[in-house]
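**Student:** have a look at this prediction, sequence included:
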Amino acid sequence: MATLLLLNGPPGVGKSTLARRYVDEHELALLLEIDELRTWLGGWQAAEASRLAARRLAAALAERHLRDGCDVVVPQYLGRLPFITTLEAVAHQTESTFREVIVMADESVVVERFRARRADLVAMGHPHPEAEVDARNIAREIADARKRLEGVRAARPGTLVVAATRDVDSTYRALSAVV
């Protein structure tokens, strides 16, 4: 049975790194980076509608791949419920397993990682939605994201939580144990 794995968590916590590791270890698993998909849309930076369009495309891609019997991993910060329930519905419609995991780490670690990744993206000239976050307010944005994630967790008691450490191998083992 295919699995749709949602790796939720604040920006910079390590969701994409864990997702890449999962995909590397699961044949034909699809790494579905919604923020990256959004950058493929013309005029995405100016069009607020690009957020919703990228999510609709991601849901369609996930559905097709799950119907083919292959896993899908979505590393995405989701501080509100609608798209989470959309992904859950896609999993049910395709008779796939839905696993929802929130990856958390100390706020200072997340802020440090976010700043480093953002600097790398800027240095490479790679357009990315993270550029929309005001660099002076990263710590506040991360704190707000953590609060919204606590709300998600409270509303969805079946959500699993994995503590991210600086050791990716340990974090991945913890993720594997709950998935």
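**Tutor:** Okay, I see it.

**Student:** what does the lengthiest strand in the chain rub up against?
**Tutor:** Among the segments of the chain that qualify as a strand by DSSP state E, the longest is strand 97-104. Identification of contacts with strand 97-104 by Cβ atoms under 8 Å, 6 or more residues apart in numbering yields 1-10, 13-15, 18, 84, 87-88, 91-92, 146, 149, 152-153, 156, 158-164, 171, 175, 178-179. The C-beta positions use only the backbone N, C-alpha and C, and glycine is treated the same way.

**Student:** go on, stretch 153-168?
**Tutor:** Contacts of stretch 153-168 with the rest of the structure, by Cβ under 8 Å, 6+ apart, involve 8-9, 13-14, 17-18, 21, 81, 84, 99-105, 109, 152, 171, 174-175, 178-179.

**Student:** rewinding a little: show me which of the contacts of strand 97-104 are buried.
**Tutor:** Neighbour-count burial (16 or more other Cβ atoms under 10 Å) applied to the contacts of strand 97-104 gives 2-10, 13-15, 18, 84, 87-88, 91, 146, 149, 152-153, 159, 162, 164, 171, 175, 179.

**Student:** returning to that earlier point: packing partners of the next helix-or-strand element following the longest strand of the chain?
**Tutor:** Under the assignment DSSP states H and E, the closest C-terminal helix or strand after strand 97-104 is helix 107-124. If contacts are counted by 3 or more Cβ pairs under 8 Å, 6 or more residues apart in numbering; DSSP states H and E, helix 107-124 sits against helix 138-155.

**Student:** from the chain's centroid, how far away is the helix or strand just after the helix it packs on?
**Tutor:** Following the chain from helix 138-155 toward its C-terminal end, the next helix or strand by DSSP H and E is strand 160-163. Once both centres are worked out by Cα atoms, centre = their mean, to the nearest Å, strand 160-163 turns out to sit 14 Å from its chain's centre.

**Student:** I'd like the mean pLDDT over strand 160-163, please.
**Tutor:** The predicted model gives strand 160-163 an average pLDDT of 95.

**Student:** point out where the chain drops to low pLDDT.
**Tutor:** Counting by pLDDT under 70, the low-confidence segments of the chain come to 120-122, 126-135.

**Student:** got the buried residues for stretch 100-113?
**Tutor:** Of the residues in stretch 100-113, those scored as buried under the neighbour-count criterion (16+ other Cβ under 10 Å) are 100-105, 109-111, 113.
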